[in-house]
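Asks: give me a 3D structure for the following:
(one chain, ligands or ions: 1)
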Amino acid sequence: MALLEVKDLHVYYGKIHALKGVSLELGKDQIVTLIGANGAGKSTTLKAISGILGASEGQITYDGEPLRDLAAHHIVGKGIVQVPEGRRIFSRLTVAENLKIGAFLLSDKKWIADAEERVLELFPRIRQRLKQIAGTLSGGEQQMLAIARGLMSNPRVLLLDEPSMGLAPILVQQIFDTIVGIRKSGIAVLLVEQNAFLALQIADYGYVIETGAISLKGTGADLLDNPQVKEAYLG
Ligand code: ATP
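Replies: Predicted coordinates:
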């Protein structure tokens, strides 16, 4: 059974029918990617799963339990955390303070310290910069911090929205290496990416979304080989 299952999900922004029956599955310890053009509905799918947006129809099931219509903070409490597009770190706070905010659901100081230690294992550069004001980090470091902050609440599922956006190629590769490390640590990742080539290379499974509906799906390797995917997304 999939850890997270989305079935026939419909989402509207007023009269705009943004998701028209999206279905996808994320297995335990998997990286699954959702690729597609601008405006196809990738962010909307993540926001509906994390409870930021309401869905009008369809089901979201997590570990066998219905998730749709739960408040966003309850969904975080169940172990699903979204790292939004565009980083959104608290730029005037220090790196360490940003991490503590990510642990807002943990009350015990020891748990927070343990979470921080576990997260910093994955992000050695962030460890060196704990006292630095977050707004002075480089773009790549800010993205690392946003992901690290998301991991502070011990999620089982991480929803990543365009983590490579705006980064230099060398940093993009580091971010993708980190995502593989996150999966190795036992966290499933649903990855939304414009960089379809890199995303499909690390993904166990992938979905292509076009104007609010899934048009293709397959293993990362299959989609990399698919002529339609090559033409539209790997050009
Ligand atoms: P991008 O890669 O450009 O971020 P995306 O695949 O993540 O694209 P979404 O942001 O999910 O796309 O948008 C899906 C559709 O919903 C688009 O047509 C978009 O214009 C529309 N949409 C998104 N947010 C809103 C909003 N707040 N109000 C109205 N329409 C919206």
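
Asks: now do the buried residues in the lengthiest helix in the chain.
Replies: The residue-count maximum for a helix in the chain (DSSP state H) belongs to helix 169-184. Across helix 169-184, burial judged by 16 or more other Cβ atoms under 10 Å covers 171-172, 174-176, 178-179, 182-183. C-beta here means a position set from N, CA and C on the backbone, and glycine is covered the same way.

Asks: what does stretch 150-160 give?
Replies: Buried residues in stretch 150-160 (16+ other Cβ under 10 Å): 150-160.

Asks: could you work out the most separated pair of these?
Replies: N154 and L160 (16.5 Å; Cβ to Cβ).

Asks: which helix or strand contains L224?
Replies: helix 220-225 (DSSP states H and E).

Asks: so after that helix, what's the next helix or strand?
Replies: That would be, after helix 220-225 and using DSSP H and E, helix 227-233.

Asks: please see if that following helix touches the ligand.
Replies: No - Helix 227-233 lies out of reach of the ligand by Cβ under 6 Å from any ligand atom, never closer than 11.9 Å.

Asks: and that helix, what does it pack against?
Replies: helix 196-202 (3 or more Cβ pairs under 8 Å, 6 or more residues apart in numbering; DSSP states H and E).

Asks: tell me the helix or strand right after the helix it packs on.
Replies: Downstream of helix 196-202, the next assigned helix or strand under DSSP H and E is strand 205-210.

Asks: pairing partners for that following strand, with directions?
Replies: Here strand 205-210 is paired, per DSSP bridges, with strand 31-35 (parallel), strand 213-219 (antiparallel).

Asks: reformat those strands as a markdown table; add mean neighbour count.
Replies: Shown next, in a markdown table, are the strands paired with strand 205-210 (neighbours: other Cβ atoms under 10 Å):
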| stretch | mean neighbour count |
| --- | --- |
| strand 31-35 | 25 |
| strand 213-219 | 16 |
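
Asks: how about the ones you listed, which one is nearest D8?
Replies: Distance to D8, taken as Cβ to Cβ, is lowest for strand 213-219 among those, at 10.4 Å.

Asks: what's the closest one in contact with?
Replies: The contact list for strand 213-219 (Cβ atoms under 8 Å, 6 or more residues apart in numbering) reads 19-24, 41, 203-209, 223, 226, 228-229.

Asks: briefly note if that strand comes near the ligand.
Replies: No - judged by Cβ under 6 Å from any ligand atom, strand 213-219 stays clear of the ligand, getting no closer than 11.5 Å.

Asks: what distance separates that strand from the middle of the whole chain?
Replies: Put simply, strand 213-219 sits 18 Å off its chain's centre (Cα atoms, centre = their mean, to the nearest Å).

Asks: okay, and the beta partners of the residue most central in space within the chain?
Replies: What sits nearest the mean C-alpha location of the chain, by Cα atoms, centre = their mean, is L160, with 1.7 Å. On the basis of DSSP bridges, L160 is bridged to V83, L191.
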